[in-house]
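Novice: okay, predicted coordinates and the sequence, questions at the end:
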2 protein chains.
Amino acid sequence: MLAPDFKKMGGLVPVIVQDAESGEVLMLAYMNEEAWKKTLETGKAHYFSRSRQKIWLKGESSGHIQEVKEILIDCDADTVLLKVKQYGKAACHTGYRSCFYRRLKDGSVEIVSEKIFDPEEVYGRKSA
Amino acid sequence: MLAPDFKKMGGLVPVIVQDAESGEVLMLAYMNEEAWKKTLETGKAHYFSRSRQKIWLKGESSGHIQEVKEILIDCDADTVLLKVKQYGKAACHTGYRSCFYRRLKDGSVEIVSEKIFDPEEVYGRKSA
């Protein structure tokens, strides 16, 4: 069965996450083989966190899970494209709908995505 | 000025390439800092080829260049999203419109992107 080639990048493949309805690109994350298998088994997007070095169910803290609608693999089998239903309407930990909320234009930055939630309310206030 | 963080992945950042009009995800490539600067300067997508270890103007062989319409950067500044006009109507070296032409469904593979050109006609026949 066709599966991503995890060897190319030290056990990880990049995963592009796109809203299945609107086509908006929501985020890029990484999967190792275990995250890939859990995603196939559960139909919920699981990733591998490079900073925490562990498997991560997207939405495990926020409740904003991603229900997988389609899985595509690229020509070299080294990138995955997930089309998802994003619960909570926001994929980004900053509260924006998409992680790609900043557009560069003529040397300045425009905010181009909608802010859906306040991260402090969802993840709790960081202690000082 | 906001720019990608090239330190995180050994000098490279992944770049998601999306058709500016249709929203279709066409490919994923990588940029180093030089490819990023050339892209900004010329308005044409330049990438860094990991296999050939060199800067690459997308379309330099095929003529299928990508005119950059929008540049977005994600929350961690470690991924770029380019919205482009794809000349020649196909991004993939296999001749498909998108590199993500294979969809996994119930253990089998469906072809879901249109084949636009014959790679042998565009890149020449490989000698035996």
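Specialist: Yep, that arrived. Predicted model, so just to flag it, every value in this text is computed and none were measured.
Novice: isn't A:R50 up against A:Y30?
Specialist: Yes: at 6.2 Å, A:R50 and A:Y30 qualify as touching, with contact defined as C-beta atoms under 8 Å. Quick note: C-beta positions are derived from backbone N, CA and C, even for glycine.
Novice: any shared contact partners between the two?
Specialist: Both A:R50 and A:Y30 are contacted by A:L12, under the criterion C-beta atoms under 8 Å, 6 or more residues apart in numbering or on different chains.
Novice: so these two - more neighbours on which side?
Specialist: Under the criterion of other C-beta atoms under 10 Å in any protein chain shown, the comparison of A:R50 against A:Y30 puts A:Y30 first, with 18 against 14.
Novice: quick one: contacts for the residue of chain A found nearest chain B?
Specialist: The minimum distance from chain A to chain B, using C-beta to the nearest C-beta, falls at A:G23 (3.3 Å). Neighbouring residues of A:G23 by C-beta under 8 Å, 6+ apart: B:S22, B:G23, B:E24.
Novice: what about A:R52, distance to B:L12?
Specialist: 22 Å (C-beta to C-beta, to the nearest Å).
Novice: who's more crowded, the two?
Specialist: B:L12 (19 against 8).
Novice: is that one in contact with B:Q53, as I believe?
Specialist: No: counting by C-beta under 8 Å, B:L12 stays clear of B:Q53, with 11.1 Å between them.
Novice: residues in chain A within reach of chain B, list them.
Specialist: A:1-2, A:14, A:16, A:18, A:22-25, A:27-28, A:70-76, A:79, A:81, A:92-94, A:96, A:99-104, A:107, A:109, A:112 (C-beta under 8 Å from any C-beta of the partner chain).
Novice: quick one, what contacts A:W56?
Specialist: Here A:W56 is in contact with A:A35, A:H46, A:Y47, A:F48, A:S49 (criterion: C-beta under 8 Å, 6+ apart).
Novice: tell me where chain A has helices.
Specialist: A:33-42, A:119-123 (DSSP state H).
Novice: just name the most buried of those helices.
Specialist: Among the helices of chain A, helix A:33-42 has the highest mean neighbour count (mean count of other C-beta atoms under 10 Å in any protein chain shown), at a mean of 16.
Novice: what residues does that one touch?
Specialist: Residues contacting helix A:33-42 (C-beta under 8 Å, 6+ apart): A:3-4, A:6, A:11, A:13, A:31, A:45-48, A:55-57, A:68, A:71, A:80, A:82.
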